[in-house]
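Peer 1: Any chance you could fold what I've pasted below:
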Amino acid sequence: MAYSKETTAAKLRGLRAEQRMSQDDVARRIGASVGTIRNYENAVTDLSFENAWSLADLYGVSLCELCGRDETQYAKGVGA
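Peer 2: Next up, the predicted model:
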């Protein structure tokens, strides 16, 4: 499955809603601007790796889950 800003944006909105946080709360906790969080959640811009990592930690999910990727379809160690 290819990366999609739209899929990631929907996942970010859902995770934030589950945590009952505002965009301002998220921005403050990861050290980003509210505009950056808004742009991620509206699929305007791609996530930076640093912010993706911080958001995954904040929400308690993997980077794959943060971006809407189903990890169960990938066997560990395949192709290694």
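
Peer 1: now the helices: where do they sit in this structure?
Peer 2: Ranges of helices in the chain, per DSSP state H, are 5-18, 23-30, 34-41, 49-59, 63-66.

Peer 1: Could you list every helix and strand that the least confident helix or strand in the chain by mean pLDDT packs against?
Peer 2: The weakest-scoring helix or strand in the chain, judged by mean pLDDT, DSSP states H and E, is helix 63-66 (a mean of 90). Secondary-structure packing of helix 63-66 (3 or more CB pairs under 8 Å, 6 or more residues apart in numbering; DSSP states H and E): helix 5-18, helix 49-59. Glycine gets a C-beta too; all of them are placed from N, C-alpha and C.

Peer 1: Return the set of buried residues in stretch 36-49.
Peer 2: Within stretch 36-49, the residues scored as buried using 16 or more other CB atoms under 10 Å are 36-37, 39-41, 47.

Peer 1: tell me the least confident of those residues?
Peer 2: In terms of pLDDT, the lowest of the buried residues of stretch 36-49 is Leu47, showing 93.

Peer 1: what's the nearest residue to that one if we skip its chain neighbours?
Peer 2: Closest residue to Leu47 apart from its sequence neighbours, by CB to CB, 6 or more residues apart in numbering: Tyr40 at 5.8 Å.

Peer 1: if you skip the residues just before and after it, what's nearest to the spatially most central residue of the chain?
Peer 2: The C-alpha lying nearest the average C-alpha coordinate of the chain belongs to Leu66 (CA atoms, centre = their mean; 3.9 Å). Nearest residue to Leu66, sequence neighbours excluded (CB to CB, 6+ apart): Ala56, at 4.6 Å.

Peer 1: Might you report the residue contacts of that neighbour?
Peer 2: Counting by CB atoms under 8 Å, 6 or more residues apart in numbering, Ala56 makes contact with 62-63, 65-66.

Peer 1: again, only using 7 Å
Peer 2: For Ala56, the contact set (CB atoms under 7 Å, 6 or more residues apart in numbering) comprises 62-63, 66.
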